[in-house]
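> Give the three-dimensional model of this entry:
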Amino acid sequence: MEYVFYLTIILIIIAGYYSLFVMPKQYAFKKHQQYVLSLKVGDEVITHGGIIGTITELDEEVGVAKILIAPSVEVRIVAAALVRQYDPAEAAQPGMEETEQPTA
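Below you'll find the model as predicted:
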């Protein structure tokens, strides 16, 4: 009869792991995938590496985008590496600059 107790504990641990780790990752992946599919030419975006640029070409079949990062400088990047749209007002908010280092 003890095995029923241990089996119940194991099932509770598995359910807890799934709800705490797997489900949030799946939700975040689906949300990011929807974002990537909603991108269009002319959107100003931030890449995973922190580069800000404007989408000039988007190949949805291959999953590659061309981004203009400076005048006459275009880079090809995997569309999944586009993290979010760039909002200059959001970047200018307090708390985005470097924190002050304490003086000794």
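> Roughly how far does Ala80 sit from Leu68?
19 Å (CB to CB, to the nearest Å). (C-beta placed from N, C-alpha, C; glycine too.)
> Same question for Glu60.
Taking CB to CB, one finds Glu60 at 18 Å from Leu68.
> what does Tyr86 give?
Here the distance between Tyr86 and Leu68 works out to 12 Å (CB to CB).
> do Asp87 as well
18 Å.
> Settle it for me: which of the two has more neighbours?
Between Asp87 and Leu68, Leu68 has the larger neighbour count (other CB atoms under 10 Å), namely 15 against 11.
> how about the more buried one, what does it touch?
Listed by CB atoms under 8 Å, 6 or more residues apart in numbering, the contact partners of Leu68 are 53-56, 74.
> which regions of the chain lie under the pLDDT threshold?
Along the chain, the parts satisfying pLDDT under 70 run over 91, 94-104.
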